[in-house]
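Enquirer: sequence plus the predicted model coming up.
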There are 2 protein chains.
Amino acid sequence: MERQDRQDLGAGALSTSSRPIETDALIIGAGPVGLFQAFQLGLLEISCHIVDALPRAGGQCVELYGDKPIYDIPGTPVTTGRGLVESLLQQIAPFKPQFHLGEQVATLARQDDGRLLLGTNKGSAFLARTVFIAAGVGAFVPKRIAVEGIERLADTRLVYHPDALDSFAGQTVVVNGGDDAALETALALIPIAKQVTLLHRRDVFQAGDATVAALRERIAAGTMRLAVGQPVGFDDAQLHIATPDAQTVALPFDALIGCLGISPRLGAIADWGLDLVRKQVPVDTEKYETRERGVFAVGDINTYPGKKKLIVCGFHEATLAAWGATTIVFPDKSIPLQYTTTSTRLHTLLGVDH
Amino acid sequence: MERQDRQDLGAGALSTSSRPIETDALIIGAGPVGLFQAFQLGLLEISCHIVDALPRAGGQCVELYGDKPIYDIPGTPVTTGRGLVESLLQQIAPFKPQFHLGEQVATLARQDDGRLLLGTNKGSAFLARTVFIAAGVGAFVPKRIAVEGIERLADTRLVYHPDALDSFAGQTVVVNGGDDAALETALALIPIAKQVTLLHRRDVFQAGDATVAALRERIAAGTMRLAVGQPVGFDDAQLHIATPDAQTVALPFDALIGCLGISPRLGAIADWGLDLVRKQVPVDTEKYETRERGVFAVGDINTYPGKKKLIVCGFHEATLAAWGATTIVFPDKSIPLQYTTTSTRLHTLLGVDH
């Protein structure tokens, strides 16, 4: 499986010209297993960078159950998704892993020297000795508005989950969605935009009571509009909306904001020649390595006999994968197992030496 | 490997006549991995009993590094051996596992109905559908005094690490050892025994400053004696002690107390036909099952390609082993994976349903 010739692992050429960041390890995914991967690599003195599509660390754990209780992390009788991620960030802090958030890894290609060249959709590039795919069920990206050709409006007139709203000043804006993020975006636009319309498929919202009450009040006062229906088409000045009573109405717009939630997409990983089985990456159970030498897969994205999609299993997988990387990063060294309780070397690395 | 005929797995017949306790699962070892095993079994509604040679839960974790820091439990930036065990006991409390402490499992034999009959050195017996060996480096038992034939004195005149000292009232007692437990036992005997001698191989002690100071004071005051040397023989009334200057002196005694610390012994597990490899039990990585159906091995005692003796790995092994047991305990049921975050069934089991 070791291939010293330059070989594209199924993805296209890099679209970036930036000088790649050289690193021992690149971790794809900053969920709990990706974060603990950085910890185990750190104990073995393997430096790493971490890329995640989301703007913050935590993955599913924060996005889907940030405030919900988790009872099955060993030694932690109860925590929340956010609590677990905060603890892990504190735990890995001594190793100062470098995060590249809001970026998706798009390409992976083997170099002549055996290293792996990876490029992201934001133009970052990494030249890594080892890669750890900890991508869970895929990158969490905004759900798209399902109108044919609508992506032509993107970046200027079509924006998903915008960070800032200043660019909509004086515009006629349609916000599509019915959750807290959609309602809060629409409400925040009232003093900025010329006109705000909230577009949702029905007159019921998945949002907090106070937010819904604020929305109802603004609609009653005439400072924003509600349109009930689904977008089905568009022209330069108008969205075409199918209403629940099977009419099509026109909705004028300068800008369209999508707030339909986020959903995971496996994305480019599916194209890397890793012989996926039902969207899972097969690995061995000795190193949790894929069929590509130096490319490991840990957590919910991998599969092997007995696999259970549990965080506790991902922690183990990350541990053995880090050990698997040692033979590549330190080919001439035999690394002894040391314990954080007794090893002065590990205490120094952890910044707890006395 | 399934054997319905009654078959002795290498150990002798049970010496007990007590009616065996019937259980879905018996866990051997109450260290962190054995405790988490009870948690994962509990989530799957598999009842269990736990046996450990020590008088308390915690195993190595408490015995060897109770107050020392541990930095590599995922999501717990720092804890201690004792802290980890306390958290795990809290975590498994909803499942009310039944502990049998201070007992060592001695025998394991397959019954006609496929169940496993286990007996302990204290006469307890269990009839279990599944067995989880989480015995670490073995049972922690007191280090023995290395004098030929001395075990003849046992139970009446030779006691290791006694819980109570009342039985030594009015006796001439020799305490052999030099650590905190030895010194504290000797000091505590002064108001009880007729005469107390601390016997240690040298005039230096592995004990706290205050305890050593108290010892020196009592020796100076003549209320107890210090003998420096090693026991090499005995007769009915006297221990024979080899001193550092190569003399042999006699030390009168009614009772001898051994406080030489504890050390692990694999014990009877080595005789159960599990094909040990360097004192480790080979397992698969799908269920962490041994060559005997229904007998699983988790934590430091097992071995497989890639094995690292780390607690985080034992937690994963215990998780998959619990799933491995479901096909034996619930042969006709397909058990879906549920998450503690969202499953109302698991919330009920955990006692957190609202």
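Expert: Received, thanks.
Enquirer: not counting stretch A:185-198 itself, show me its contacts.
Expert: A:162, A:165-166, A:168-175, A:177, A:182-183, A:211, A:214-215, A:218, A:223-227, A:251, A:253-254, A:257, A:259 (C-beta atoms under 8 Å, 6 or more residues apart in numbering or on different chains). All C-beta spots, glycine's among them, are computed from the backbone N, C-alpha and C.
Enquirer: these, buried ones only, as a ChimeraX selection?
Expert: Selecting in ChimeraX just the buried members of the contacts of stretch A:185-198, where the criterion is 16 or more other C-beta atoms under 10 Å in any protein chain shown, is done with this command:
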select /A:162,165,168,171,172,173,174,175,177,182,183,211,214,215,218,224,227,251,253,254,257,259
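Enquirer: inside helices: which ones of the contacts of stretch A:185-198?
Expert: Mapping those onto helices (DSSP state H) picks out A:Ala182, A:Leu183, A:Thr211, A:Ala214, A:Leu215, A:Arg218.
Enquirer: mark out where each domain of chain A begins and ends.
Expert: Under the assignment named as automatic domain parsing, the residue ranges that make up the domains of chain A are A:9-141+A:263-350, A:144-260.
Enquirer: any low-confidence regions in the stretch 251-354 of chain A?
Expert: Screening the stretch 251-354 of chain A residue by residue with the criterion pLDDT under 70, one finds the ranges A:354.
Enquirer: which stretches of it form strands?
Expert: For the stretch 251-354 of chain A, strands defined by DSSP state E, counting those that start in this stretch occupy the ranges A:255-258, A:262-265, A:281-282, A:295-297, A:302-303.
Enquirer: mind putting the ones you listed into JSON lines with distance to chain B?
Expert: Supplementary listing: the strands of the stretch 251-354 of chain A in JSON lines, determined by distance: least, C-beta to the nearest C-beta, whole Å:
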{"stretch": "strand A:255-258", "distance to chain B": "27"}
{"stretch": "strand A:262-265", "distance to chain B": "16"}
{"stretch": "strand A:281-282", "distance to chain B": "14"}
{"stretch": "strand A:295-297", "distance to chain B": "12"}
{"stretch": "strand A:302-303", "distance to chain B": "12"}
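Enquirer: between the ones you listed, which one is closest to A:Phe132.
Expert: strand A:295-297 (4.9 Å; C-beta to C-beta).
Enquirer: which residues are in contact with that closest one?
Expert: Contacts with strand A:295-297, where a contact means C-beta under 8 Å, 6+ apart, come from A:108, A:116, A:130-134, A:272, A:274, A:281, A:283, A:287-290, A:321, A:324-325.
Enquirer: what's the distance between A:Gly81 and A:Asp72?
Expert: When C-beta to C-beta, to the nearest Å is the yardstick, A:Gly81 and A:Asp72 sit 13 Å from each other.
Enquirer: equivalent analysis for A:Asp300, please.
Expert: The spacing between A:Asp300 and A:Asp72, counted by C-beta to C-beta, is 15 Å.
Enquirer: do the same with A:Ala106
Expert: Using C-beta to C-beta, one obtains 34 Å as the distance from A:Ala106 to A:Asp72.
Enquirer: just A:Ala188 next, same as before
Expert: 38 Å.
Enquirer: for those two, indicate the residue with more neighbours.
Expert: Residue environment comparison for A:Ala188 versus A:Asp72 gives the larger neighbour count to A:Asp72, 22 against 14, counting by other C-beta atoms under 10 Å in any protein chain shown.
Enquirer: how about the more buried one, phi and psi?
Expert: Listed backbone geometry of A:Asp72 is phi -110, psi 20, with angles given as degrees, to the nearest 10.
Enquirer: grab the nearest non-local neighbour of the residue nearest the centre of chain A.
Expert: Taking C-alpha atoms, centre = their mean as the criterion, A:Ala53 is the residue nearest the geometric centre of chain A, at 3.4 Å. Distances taken as C-beta to C-beta, 6 or more residues apart in numbering or on different chains put A:Ala139 closest to A:Ala53, at 3.5 Å, once the chain neighbours are dropped.
Enquirer: wait, doesn't that neighbour sit right on A:Gln104?
Expert: Yes. Contact criterion C-beta atoms under 8 Å: A:Ala139 and A:Gln104 qualify, at 5.0 Å.
Enquirer: mutual contacts of those two, please.
Expert: Common contacts of A:Ala139 and A:Gln104, defined by C-beta under 8 Å, 6+ apart, comprise A:Ala53, A:Gly267.
Enquirer: with neighbour numbers in mind, choose between the two.
Expert: Regarding A:Ala139 and A:Gln104, a neighbour count based on other C-beta under 10 Å identifies A:Ala139 as having more, with 25 against 21.
Enquirer: okay, and the beta partners of A:Ile28?
Expert: When bridges are called by DSSP bridges, A:Ile28 pairs up with A:Val51, A:Ile133.
Enquirer: assess the claim that it and A:Thr107 are in contact.
Expert: No. In this structure A:Ile28 lies outside contact range of A:Thr107 using C-beta under 8 Å: 11.9 Å.
Enquirer: ok, these two, which is more surrounded?
Expert: More crowded of A:Ile28 and A:Thr107, by other C-beta under 10 Å: A:Ile28, with 29 against 22.
Enquirer: returning to that earlier point: so of the contacts of strand A:295-297, which ones are in helices?
Expert: Per DSSP H, the subset of those in helices is A:Ala321, A:Gly324, A:Ala325.
Enquirer: state the distance from the second one to B:Ala125.
Expert: When C-beta to C-beta is applied, the distance between A:Gly324 and B:Ala125 equals 44 Å.
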